[in-house]
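In: let's see this in three dimensions:
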Amino acid sequence: MVIHRATAGMPRLTAAEFDALYKRLASATSWAKGERGSLVALTPGRVAAAARDVRPGRTVTLAAPVETSPGPDNPEPATHTMRNPPKQHADTGLHFARDSFAMNVHGDTDSHLDALCHVIYDGTLRGSVPASSVTPDGATTLSVEAAADGIVGRGVLLDIPRLRGVPWLEPGDHVTADDLGAAEASQRVRISEGDLLFVRVGHRKRRTAMGPWRTAEARAGLHPTALEFLAERRVAVLGSDGNNDTAPSSTEGVDFPVHVLAIHAMGLHLLDYLQFEDLVPVCEAERRWSFLCVIAPLRLPGATGSPVNPIAIV
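Out: Residues are numbered from 1 along each chain as shown. Next comes the predicted model:
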């Protein structure tokens with residue numbers, strides 16, 4: 001196996017370079033129109049083809065358990081309370097155990113989907129939609145409701161730590177377009193139009209081994225220029241076990257350049273803070289890195305995102 005070096009020292013993008021990249025990506029993905037954005041690439045034919053590729057039929061979750069304890073990367077943990085729990089000694093009659101949940105959907109711990117109304121950049125949403133369309137009662141367009149019928153298609157996992165021969169990428173390191181191409185070759189898989197691309201940086205494995213840290217200040221992710229690879233291949237969705245963006249940011253004046261480029265310029269829904277540690281050994285055993293993937297976000301009208309439990313069917 002060829003060991004690829006770390007790319008933490010990648011050059012920063014100036015504001016002008018980022019603006020030029022934004023314009024190239026917006027032009028290259030002009031086909032991803034309307035409220036669904038790049039989800040329009042998930043045609044019935046592609047969904048059916050992905051379903052036909054299922055072999056042993058094993059299902060694997062790509063979500064991490066929802067966390068209810070605070071930590072350096074989880075200052076606003078989800079809350080789970082029991083509502084009117086049945087009395088311990090209520091041994092006659094009918095009773096129901098009931099729950100209530102509340103969570104910060106876009107936190108740095110729980111697995112979630114970013115809708116196209118999530119990113120406001122220079123006063124607009126994707127497609128020059130005015131930012132005022134996001135109201136105190138929710139977004140009037142581009143909300144997670146665009147995925148109400150689910151996101152189903154061919155998923156492909158590119159494992160960058162495996163490519164580099166390391167357990168995980170260190171915080172601040174970048175995944176480049178060259179990394180994505182090299183991972184394809186190493187894993188003998190090719191990203192095609194309409195694919196759901198998942199990029200493993202090893203964030204979850206590092207967190208389990210070393211404990212949580214201030215992820216908002218230091219994390220591995222994609223370099224903004226890697227988005228040109230995605231535009232060329234016309235992927236439908238991008239997901240990672242981090243939040244797709246590197247911290248500190250590599251771009252002058254923009255803290256989350258990958259979010260801006262993917263959601264705002266390209267109309268690409270993002271999946272943040274997934275986990276691939278259950279899927280990797282299955283892919284290795286089957287000697288293939290593609291699978292049918294089913295994502296069913298909650299129907300939350302006007303919401304900017306949703307917690308999700310994506311399922312890979314190998």
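
In: where does pLDDT dip in this structure?
Out: For the chain, residues meeting the criterion pLDDT under 70 lie at 1-9, 86-90.

In: where does the most centrally placed residue in it land in three-state SS?
Out: Per Cα atoms, centre = their mean, the C-alpha nearest to the average position across the chain is that of Leu271, at 1.9 Å. Look at Leu271: counting by DSSP: H, G, I helix; E, B strand; the rest coil, its state is strand.

In: partners of it in the sheet?
Out: Counting by DSSP bridges, Leu271 forms beta bridges with Leu113, Gly239.

In: ok, now which ones touch it?
Out: 111-114, 198, 237-240, 295, 308, 310 (Cβ atoms under 8 Å, 6 or more residues apart in numbering). (Each C-beta comes from the backbone N, C-alpha and C, glycine too.)

In: so can I have a markdown table of these showing distance to Lys23?
Out: Shown next, in a markdown table, are the contacts of Leu271 (distance: Cβ to Cβ, whole Å):
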| residue | distance to Lys23 |
| --- | --- |
| Ser111 | 32 |
| His112 | 29 |
| Leu113 | 26 |
| Asp114 | 22 |
| Phe198 | 27 |
| Val237 | 23 |
| Leu238 | 20 |
| Gly239 | 25 |
| Ser240 | 24 |
| Ile295 | 30 |
| Val308 | 31 |
| Pro310 | 31 |
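
In: now the residue sitting furthest away from the middle of the chain. Its backbone dihedrals?
Out: Each residue of the chain has a distance to the centre, and by Cα atoms, centre = their mean the biggest one is for Thr92: 46.9 Å. Dihedral pair for Thr92: phi -130, psi 150, per degrees, to the nearest 10.

In: quick check: it vs Arg83, distance?
Out: 21 Å (Cβ to Cβ, to the nearest Å).

In: also Tyr273?
Out: Remark: distance between Tyr273 and Arg83 (Cβ to Cβ) = 27 Å.

In: those two: who's more crowded?
Out: Per other Cβ atoms under 10 Å, whichever of Tyr273 and Arg83 has more neighbours is Tyr273, with 25 against 9.

In: any idea which helix or strand comes after the longest helix along the chain?
Out: Across the chain, the longest stretch assigned as helix under DSSP state H is helix 15-28. Note on helix 15-28: by DSSP states H and E, the next helix or strand toward the C-terminus is helix 44-52.

In: got the contact list for that next one?
Out: Residues outside helix 44-52 that contact it (Cβ under 8 Å, 6+ apart) are 152-155, 193-194, 292-293.

In: what of stretch 173-192?
Out: Applying Cβ under 8 Å, 6+ apart, the set of residues contacting stretch 173-192 from outside is 1-2, 4, 6-8, 10, 154, 156, 158-160, 162-163, 169, 197, 199, 201, 220-223, 225-226, 228-229, 233, 235, 246, 250, 288-290.

In: show me which residues of that stretch are buried.
Out: If you call a residue buried by 16 or more other Cβ atoms under 10 Å, then stretch 173-192 has these buried ones: 173-177, 179-180, 182-184, 186-187, 189, 191.

In: could I get the CA-only coordinates of it as CSV?
Out: Presented in CSV, the C-alpha positions along stretch 173-192 are these (Å, rounded to 0.1, in the frame of the first residue of the first chain):
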residue,chain,number,x,y,z
ASP,A,173,-5.4,17.9,8.4
HIS,A,174,-7.0,18.1,5.0
VAL,A,175,-8.5,15.7,2.5
THR,A,176,-7.6,16.7,-1.0
ALA,A,177,-9.0,15.9,-4.4
ASP,A,178,-5.8,13.8,-4.9
ASP,A,179,-6.6,11.9,-1.8
LEU,A,180,-10.1,11.1,-3.1
GLY,A,181,-8.8,9.9,-6.4
ALA,A,182,-6.1,7.8,-4.7
ALA,A,183,-8.6,6.2,-2.3
GLU,A,184,-10.8,5.3,-5.3
ALA,A,185,-7.8,3.5,-6.9
SER,A,186,-6.7,1.8,-3.7
GLN,A,187,-10.3,0.6,-2.9
ARG,A,188,-11.1,-0.3,-6.5
VAL,A,189,-14.2,1.8,-6.6
ARG,A,190,-15.3,4.8,-8.7
ILE,A,191,-17.6,7.6,-7.7
SER,A,192,-20.4,8.0,-10.3
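
In: ok now that stretch, how far from the chain's centre?
Out: The chain centre lies 17 Å from the centre of stretch 173-192; the measure is Cα atoms, centre = their mean, to the nearest Å.

In: cool, and stretch 42-56?
Out: Put simply, stretch 42-56 sits 21 Å off its chain's centre (Cα atoms, centre = their mean).

In: residues contacting Gly150?
Out: 294-297.
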